[in-house]
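1. Pasting a predicted model and its sequence here:
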Amino acid sequence: MNDEFEERLTQISAKIDQLRTSTGKDRRELLDTLFRSVHSLKAAAHANGLNDLAARAHEFEDLLHGIRTGRTSLDELTDFD
């Protein structure tokens with residue numbers, strides 16, 4: 001994987017860590033930012049033929065959407081490996 005994707009993954013991991021310790025409005029803003037970051041990663045991975053990464057990003061988007069809508073607990077948030 002190239003440096004661009006490594007940097008994106010590092011940023012996503014940092015946002016996940018921040019989200020776990022945030023509360024209230026900050027939590028919602030971080031969740032929205034994280035969702036957009038994962039969505040952008042998915043698009044870039046798909047455009048570069050990294051189908052496994054794109055699929056994993058899609059799964060993670062689904063998890064984040066569940067958290068955003070209250071169907072899933074933040075406790076279910078895993079690291080994005």
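-> Yes, it's here. Residues are numbered from 1 along each chain as shown.

2. Tell me how far Leu77 lies from Gln18.
-> Using C-beta to C-beta, to the nearest Å, we find Leu77 at a distance of 12 Å from Gln18. For the C-beta atoms, the positions are set from N, CA and C on the backbone; glycine is no exception.

3. Give me the more crowded residue out of those two.
-> Per other C-beta atoms under 10 Å, whichever of Leu77 and Gln18 has more neighbours is Leu77, with 18 against 14.

4. Do I have it right that that one meets Leu63?
-> Yes. Taking C-beta atoms under 8 Å as the contact criterion, Leu77 and Leu63 are neighbours in contact, 6.8 Å apart.

5. All the helices of this protein, in order from the start?
-> Assignment of helices within the chain using DSSP state H yields the ranges 3-21, 24-47, 51-69.

6. what's the angle from the longest one to helix 3-21?
-> Which is helix 24-47. Using axes from the mean of the first three to the mean of the last three C-alpha atoms, to 10 degrees, the interaxial angle of helix 24-47 with respect to helix 3-21 works out to 160 degrees.

7. Summarise which helices and strands helix 24-47 is packed against.
-> With contacts defined as 3 or more C-beta pairs under 8 Å, 6 or more residues apart in numbering; DSSP states H and E, the secondary structure elements packing on helix 24-47 are helix 3-21, helix 51-69.

8. try the first one
-> Other helices and strands packing on helix 3-21, by 3+ C-beta pairs under 8 Å, 6+ apart, are helix 24-47.

9. Figure out how far the helix it packs on is from the centre of its chain.
-> Its chain's C-alpha centre and that of helix 24-47 lie 5 Å apart, by C-alpha atoms, centre = their mean, to the nearest Å.
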